[in-house]
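>>> A predicted structure for the sequence below; I have some questions about it.
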Amino acid sequence: MTQDRPGIVNCALYVAGRRVRDIGIDEIGAALKQEDSFVWLGLYEPDEELMRRVQQQFGLHDLAVEDAHKAHQRPKVETFDDSLFVVLRTAQIIDGSAHFGETHVFVGARYVVSVRHGASQSYRPARAACEAAPHLLEKGTGFVLYALMDFVVDHYFPVAEALEDQLTALEDGIFSGHFDRASTEAIYAIKRDLVELRRAVAPIVDMCSALMGFRMALVPGPIKPYFRDVQDHALHISEAIDAMREMLSTALQVNLSLASMRQNDVTKALAGWGAILAVPTMVFGVYGMNFENMPELHWHYGYETIVALTGAACLLLHRRLKRAGWL
Amino acid sequence: MTQDRPGIVNCALYVAGRRVRDIGIDEIGAALKQEDSFVWLGLYEPDEELMRRVQQQFGLHDLAVEDAHKAHQRPKVETFDDSLFVVLRTAQIIDGSAHFGETHVFVGARYVVSVRHGASQSYRPARAACEAAPHLLEKGTGFVLYALMDFVVDHYFPVAEALEDQLTALEDGIFSGHFDRASTEAIYAIKRDLVELRRAVAPIVDMCSALMGFRMALVPGPIKPYFRDVQDHALHISEAIDAMREMLSTALQVNLSLASMRQNDVTKALAGWGAILAVPTMVFGVYGMNFENMPELHWHYGYETIVALTGAACLLLHRRLKRAGWL
Amino acid sequence: MTQDRPGIVNCALYVAGRRVRDIGIDEIGAALKQEDSFVWLGLYEPDEELMRRVQQQFGLHDLAVEDAHKAHQRPKVETFDDSLFVVLRTAQIIDGSAHFGETHVFVGARYVVSVRHGASQSYRPARAACEAAPHLLEKGTGFVLYALMDFVVDHYFPVAEALEDQLTALEDGIFSGHFDRASTEAIYAIKRDLVELRRAVAPIVDMCSALMGFRMALVPGPIKPYFRDVQDHALHISEAIDAMREMLSTALQVNLSLASMRQNDVTKALAGWGAILAVPTMVFGVYGMNFENMPELHWHYGYETIVALTGAACLLLHRRLKRAGWL
Amino acid sequence: MTQDRPGIVNCALYVAGRRVRDIGIDEIGAALKQEDSFVWLGLYEPDEELMRRVQQQFGLHDLAVEDAHKAHQRPKVETFDDSLFVVLRTAQIIDGSAHFGETHVFVGARYVVSVRHGASQSYRPARAACEAAPHLLEKGTGFVLYALMDFVVDHYFPVAEALEDQLTALEDGIFSGHFDRASTEAIYAIKRDLVELRRAVAPIVDMCSALMGFRMALVPGPIKPYFRDVQDHALHISEAIDAMREMLSTALQVNLSLASMRQNDVTKALAGWGAILAVPTMVFGVYGMNFENMPELHWHYGYETIVALTGAACLLLHRRLKRAGWL
Amino acid sequence: MTQDRPGIVNCALYVAGRRVRDIGIDEIGAALKQEDSFVWLGLYEPDEELMRRVQQQFGLHDLAVEDAHKAHQRPKVETFDDSLFVVLRTAQIIDGSAHFGETHVFVGARYVVSVRHGASQSYRPARAACEAAPHLLEKGTGFVLYALMDFVVDHYFPVAEALEDQLTALEDGIFSGHFDRASTEAIYAIKRDLVELRRAVAPIVDMCSALMGFRMALVPGPIKPYFRDVQDHALHISEAIDAMREMLSTALQVNLSLASMRQNDVTKALAGWGAILAVPTMVFGVYGMNFENMPELHWHYGYETIVALTGAACLLLHRRLKRAGWL
């Protein structure tokens, strides 16, 4: 049984591309004596003591293990003599916003150790996919690394799509005029997720180049096109992110422009109605004066006439202002 | 008959640069035994089963075929041993806005398979152009690839021009003052099309460099200047897009500036008219007071005099405000 | 006579760096048999038929001639075996705004063909300059190409200076406060000309690098410093354009800031005057009430006292608001 | 005793990776005769005379010593024959804002001299860490340089985190609506600290590359991964800074947008209440007129009726404006 | 006497790193026959005739001399066979704003000719510094070039500091609220000086790289660290300029934000006071109506009661609006 303690998700021995059996951590040394074999160990947030045992089993470099303890590593590939230390950032949409986790992968000729931290999916599907392609898995641990990276990168797509959907909803909001404070907050939130996602995706491109270019035997020729495929997917997402970032900043500017227009409309309406109201104010003011000699005051229908004329003047002014676009 | 099933647009055998005859997919293996010959197969949104048969006939790489299934690939050239997998994004103006499709091209020494998806024109004219130049077509399948890329890139020009026309219309709108909400939406729409078009065009430049630099025999020396020509056209459109993007963002800023000026004009007019109206309000207020001893109220022409003086004061103020630019 | 048909501006035979005589197009083949000679043919918007004859005489590449037909090529240098095809964009200030034309130059070891399109000056002065330096002209057709490029680049300077003058006028406008709609349109127009001019100038830098680096004999060692000089001028203009672009966008932002300040001033004035007017409105309202028992109404100088006190209050308020910067 | 004068913090002799004893500056020459030994001298703002003695002891280059006198050097690595001159900028958060100091390190095969200026922590912990790893310290002075750089870079993290906390507080302020002048000043202050921090961190990346690539023996193979680790940390902070800069500029734009919306709300409220007030103003104006024949004036409940109707009209208008979003 | 004509500032013969004597231009040819000697000629805005004599004496290249005549060259290093032509832009603060001049330096193995134009300081201090270091001066004319470049670059520092002081003054203005039209103009002026200064400084970096990399003997090994030092200073100023540019554009944005807030405050105050004034307007309007039957009018203290109640209502409203932040 590999689940011999919390932190260990899976630990299996592979010979010639086929899974032979699950093994315990302490059997690893003995198991690896068999030719053409490797061990694939999956950990989830292991404690320090477990990491120390793993380090001893596989002879991992101090610096790599130290990094693996600390959170918030940047995605990278580091080579230590004949082994690799790979850091990946995993992404998931939870409740409409992006959450990020971290995976560290130690790869040697005879072992792969993957360590998951925070928001991330189980690598069980990646392991299954590997085991379904023994002709590639027998090329060695490089293919396992590919499977993990491919799995991580493939999970960026739904995140990018969710952000794209949010952007589309925003656009609709801006142009329908129902753009409010919440939408502006949404712009900020999308921007933050995009910036974060880009920090996860962008380094993948160079990491794949590095992995394809390494002179060591971990990534043999027939595996290289697979890393190029991962790289291509990463580029695709990178470009989609850049396009979204550009549209988002245009959206902000366009929204400012529209707000300025709306402001103008309101001020114009204010001015227009002010002008209309000025007419009766003026007229009523005139006839509120206490001059002794104001002939209109003595007309029989003076009151009605003046009120009617004032109303007519207001209507006329209203129509003219409406036509001029002030109301 | 090549139209032996839906999805297949055209399938012909070429020998020494000349079209010999249309053939069925299953005859291809036999046909290619002839020296100096190649097959050009055109597909439109083929189903999975057809793609599998095509893959078997030509020995296409799994990763390439997988990519060809998925939509929204980014433009790229990928080499697999002695064959190429090329992704292109096609563009068309439909009802005033840009629409994009995708074309995948598999190129080997003895075959070209083009697969169209979504909005794109038929490659019949490109095929005709090739067949009209047998002295170039006999250089091999590289020239077919050129013809397809040239056809795709040439169709970017009307799209870029349509966007340029829309931009010009916008500029006219901004400076004529008839700039409204619809124009602001138009800025956003043009920007989106430009961003999308750039994602289609920009990779072509590097793709052509890669195709001209390949050590393999698919693009022989005399064909290289043709790819340089395609590259040059792509650069031309790229630069036009960049110029448009820059003008568009200037247009947004200029529009904000003009809106701010208009706002200022409206507020000034509001203030100016407010000042003019304050005069009669004040005067009429004075003579509406109920003091016992107000000599003017008892003048015979007091009413007329006061109204006339007030009117004159308003006219004077109006003229001075107009001269000062507040009205 | 070289002016044997419309489109031909000049056609002369040069031997050992000196002009020998004008010749007709059809004599060219024979003339070039002479050692150390070359032909310099100048065309202005030639028709297709003429271009075809020229192509035959000099064996120009199909792609180059095709490009030369189409308008709106981007500036570039293309090599075809032992000949060059160079595209330049020419610029002129006509009525205060920049106009652009195109020049195509075909250069072989024994010929130079220059084709002018649209707004551009005659190359007569460039030809005269060449003929005045026979010790350089005898180095071959590379020097003619230099003379043409130098002439084109030198004519960018007055265009850049005109735009710089327009920018200076704008700055004066912004800071003097006489900044209006026309100035904002001017910002846009200058930006457009700058973007266009940059598209003409920027590629020259790389073109010169390419011409200096070519392994072929068209640009021999002693001519290279001349191309470096052209490159340096192009860089100079490029940098001036970049500086102007940066200042222009700062001008836009500064103008928006100033407009916002002016807006604030107007609103403050509006508020300030509103406050002053509120005093008499209030007071006159009080004494317009119809209460039976209002002692002030019966004072002998009640009216005069109240009006005078109100006036004094207004003056006081006016002074305080002025000091507080609201008026 | 090494504390033989102000300016000297620490001066010790190391043999085979182990600290042997503290020594005075003038004993250094003699002490270094011992094989496999080096001296590590720590200075804090030394005066010119002291620097001159140090320069003589170790044969430091004039230019490096001159630089070490001047404040505000940029971070860099300079090689002088067989020695290095390294400039680092140190950062600390003091009272909520970032403060920066400078450290100069002279590294030779047999000596390390570190000179601290301004805000910086003592390097005692770095020295302790070195002495705790004698197997690495015996690789030579390169490891001491690593320890110092690692110490400096590790102290950037709390600074970056403090700025991130300030940014988060700002975001909360913007979206809660309690965004005021102080918040805007905070944006500016954070931006200034970010710009300054980036100037400290960004050069570290290239400096580490240079140190890992040097052909000289100061940084031997086993020490290189340590510099790569420092480089990685510097990259991490750089990327965090870039992300913060981007979010900060988005925050500024979003805030401007929100301010524009709030402005609109206020203007709308102003207009809405103006409209409501216009009703009684109008009505009371009507019945303030002095016409002889106004029937309503003579009704018994005329006054109460009119006031009640006016109040009802105001309530109605209020409800409709509220529903339309103007109040 | 070297001051044999206007334009010549200084002309001296140096042998083995030591100044031997001042000489006239026409003696130069003879003087240079001495081994290990060179001539250093300093000119200030020479006329064409003088330049022609200098050109003949030293055999300067036509293109370089032509450039030296024209104003507004960009900073550059050009090599002509075994000589260099260097253009530098000099900067000075005069009356608070930056002024720029130009210096051209012709360097051969046996001569240095420096030509100053426009705003620039005399190179007498640079000459004195050279003569104080004969052990470096004997390395040849490369050290003279260093001394001139170092002198020019060192004079950028006070210019950058003056601009930094102006920026600090601006920041204080923005946040103290005393930000006015003059401050906005100052932003523009600083930006212009920064753009100009960057055009002077930025090319120095590449120029130093070129000078350190040249294969020719003009800059021998021991002189190279000195050029690296100049390069480092140029980088330092470049980075300071970039930081200032970034802060300046943030200042513009922040200022716009603050202006928008102030605008909001003013509008709110306008609305708040309007609301307070509406109360008496309403009340006084009520009692200005001429209804026959208005009981309050007949109360003995009706007038006093109503005025007092109105005043109380206003005070209450004032307090509530103040608490809500509208006043």
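Ah, there it is. Numbers count the residues shown, from 1 in each chain, chains lettered A, B, ... in the order given.
>>> List, one by one, the residues from the stretch 101-250 of chain A near chain E.
If contact is defined as CB under 8 Å from any CB of the partner chain, none of the residues of the stretch 101-250 of chain A are in contact with chain E. (C-beta placed from N, C-alpha, C; glycine too.)
>>> in the stretch 101-250 of chain A, which spans are helices?
With DSSP state H, counting those that start in this stretch, the ranges of helices along the stretch 101-250 of chain A come out as A:124-131, A:134-137, A:141-154, A:156-176, A:181-213, A:224-287.
>>> The fifth one vs chain B: in contact?
No. Under the criterion of CB under 8 Å from any CB, chain B is not reached by helix A:181-213; the shortest gap measures 12.0 Å.
>>> what about the closest residue to A:G285 other than its chain neighbours, how many residues close to it?
Of all residues beyond its chain neighbours, the one nearest A:G285 is B:F284 (3.3 Å), with distances taken as CB to CB, 6 or more residues apart in numbering or on different chains. Using other CB atoms under 10 Å in any protein chain shown, B:F284 has 24 neighbouring residues.
>>> low pLDDT regions in the stretch 201-327 of chain A?
Within the stretch 201-327 of chain A, the segments meeting pLDDT under 70 span A:214-216.
>>> Deepest-packed of the helices of the stretch 101-250 of chain A, please.
Mean neighbours per residue, mean count of other CB atoms under 10 Å in any protein chain shown, is largest over those for helix A:141-154, with a mean of 23.
>>> got the angle between it and helix A:224-287?
The directions of helix A:141-154 and helix A:224-287 differ by 10 degrees, with axes from the mean of the first three to the mean of the last three CA atoms, to 10 degrees as the criterion.
>>> For helix A:141-154, output the C-alpha coordinates as PDB.
Extracted as PDB, the C-alpha positions of helix A:141-154 are listed here (Å, rounded to 0.1, in the frame of the first residue of the first chain):
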ATOM      1  CA  THR A 141      10.400  10.000 -17.100                       C
ATOM      2  CA  GLY A 142      10.500  12.800 -19.600                       C
ATOM      3  CA  PHE A 143       7.100  11.700 -20.900                       C
ATOM      4  CA  VAL A 144       5.700  11.800 -17.300                       C
ATOM      5  CA  LEU A 145       6.900  15.400 -17.000                       C
ATOM      6  CA  TYR A 146       5.200  16.100 -20.300                       C
ATOM      7  CA  ALA A 147       1.900  14.500 -19.100                       C
ATOM      8  CA  LEU A 148       1.900  16.600 -16.000                       C
ATOM      9  CA  MET A 149       2.700  19.900 -17.800                       C
ATOM     10  CA  ASP A 150       0.100  19.100 -20.500                       C
ATOM     11  CA  PHE A 151      -2.500  18.500 -17.700                       C
ATOM     12  CA  VAL A 152      -1.600  21.700 -16.000                       C
ATOM     13  CA  VAL A 153      -1.700  23.800 -19.200                       C
ATOM     14  CA  ASP A 154      -4.900  22.200 -20.400                       C
END
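>>> Do any residues in that helix lie close to chain B?
No. Helix A:141-154 lies apart from chain B when judged by CB under 8 Å from any CB; the minimum separation is 10.8 Å.
>>> Tell me the helices and strands packed up against that helix.
strand A:37-44, strand A:83-94, strand A:97-107, strand A:111-118, helix A:124-131, helix A:134-137, helix A:181-213, helix A:224-287 (3 or more CB pairs under 8 Å, 6 or more residues apart in numbering or on different chains; DSSP states H and E).
>>> Out of those, which gets nearest to D:A16?
The minimum distance between D:A16 and the helices and strands packed on helix A:141-154 falls on strand A:83-94, with 29.5 Å, by CB to CB.
>>> Dump the helices and strands packed on helix A:141-154 to CSV, plus distance to B:L194.
CSV is the format used below for the helices and strands packed on helix A:141-154 (distance: least, CB to CB, whole Å):
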stretch, distance to B:L194
strand A:37-44, 45
strand A:83-94, 28
strand A:97-107, 27
strand A:111-118, 38
helix A:124-131, 38
helix A:134-137, 42
helix A:181-213, 19
helix A:224-287, 9
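>>> Let me see the backbone angles for A:G108.
Here is the backbone geometry of A:G108 (degrees, to the nearest 10): phi -120, psi 180.
>>> Burial check on it, number of neighbours?
20.
>>> cool, and the one 4 residues further on?
Close neighbours of A:V112, defined as other CB under 10 Å, add up to 26.
>>> got it, and A:V115?
In terms of burial, A:V115 registers 24 neighbours under the definition other CB under 10 Å.
>>> Closest approach to chain C from the stretch 51-200 of chain A, which residue is it?
When scored by CB to the nearest CB, the stretch 51-200 of chain A has A:T184 as its residue closest to chain C, at 19.5 Å.
>>> That residue and D:L258: what is the separation?
Counting by CB to CB, to the nearest Å, the gap between A:T184 and D:L258 amounts to 6 Å.
>>> So which residue is smack in the middle of chain A?
The central residue of chain A, meaning the one whose C-alpha is nearest the mean C-alpha position (CA atoms, centre = their mean), is A:D193 at 3.7 Å.
>>> In contact with the residue of the stretch 51-200 of chain A closest to chain C, which residues are there?
Residues in contact with A:T184 (CB atoms under 8 Å, 6 or more residues apart in numbering or on different chains) are A:N255, D:V254, D:S257, D:L258, D:M261.
>>> what separates the residue nearest to A:Y146 when sequence neighbours are not counted from chain C, distance-wise?
Distances taken as CB to CB, 6+ apart place A:Y226 nearest to A:Y146, at 4.6 Å, with adjacent residues excluded. Computed with CB to the nearest CB, to the nearest Å, the distance linking A:Y226 and chain C is 37 Å.
>>> Now do the contacts for the residue in chain A positioned nearest to chain D.
Of all residues in chain A, the one sitting closest to chain D is A:F284 (3.2 Å; CB to the nearest CB). Going by CB under 8 Å, 6+ apart, A:F284 touches A:T310, D:M282, D:G285, D:V286, D:G288, D:M289.
>>> per-domain residue ranges of chain A.
Per automatic domain parsing, the structural domains of chain A span A:8-259, A:263-323.
>>> For the closest residue to A:Q34 other than its chain neighbours, grab phi and psi.
Leaving aside its chain neighbours, A:Q34 sits nearest to A:V15 (6.1 Å; criterion: CB to CB, 6+ apart). Dihedral pair for A:V15: phi -130, psi 130, per degrees, to the nearest 10.
>>> Which residue would be the closest one in the stretch 51-200 of chain A to chain B?
Among residues of the stretch 51-200 of chain A, the one nearest chain B by CB to the nearest CB turns out to be A:F175. It sits 5.2 Å away.
>>> pLDDT score assigned to that residue?
The predicted local confidence for A:F175 comes out at a pLDDT of 81.
>>> A:F179 too?
Among the per-residue scores, A:F179 shows a pLDDT of 68.
>>> Could you do the one 10 residues further on as well?
Reading off the confidence values, A:A189 has pLDDT 91.
>>> isn't it right up against A:A162?
No. If you go by CB atoms under 8 Å, A:A189 and A:A162 don't touch, sitting 11.8 Å apart.
>>> count of residues packed around the residue of chain A found nearest chain C?
With CB to the nearest CB as the measure, the residue in chain A that lies nearest chain C is A:G288; the distance is 7.0 Å. Other residues within reach of A:G288 by the criterion other CB under 10 Å amount to 24.
>>> Same question for the one 4 residues further on.
Neighbours of A:E292 under the rule other CB under 10 Å: 12.
>>> can you check A:G177 too?
A:G177 sits with 10 neighbouring residues when counted by other CB under 10 Å.
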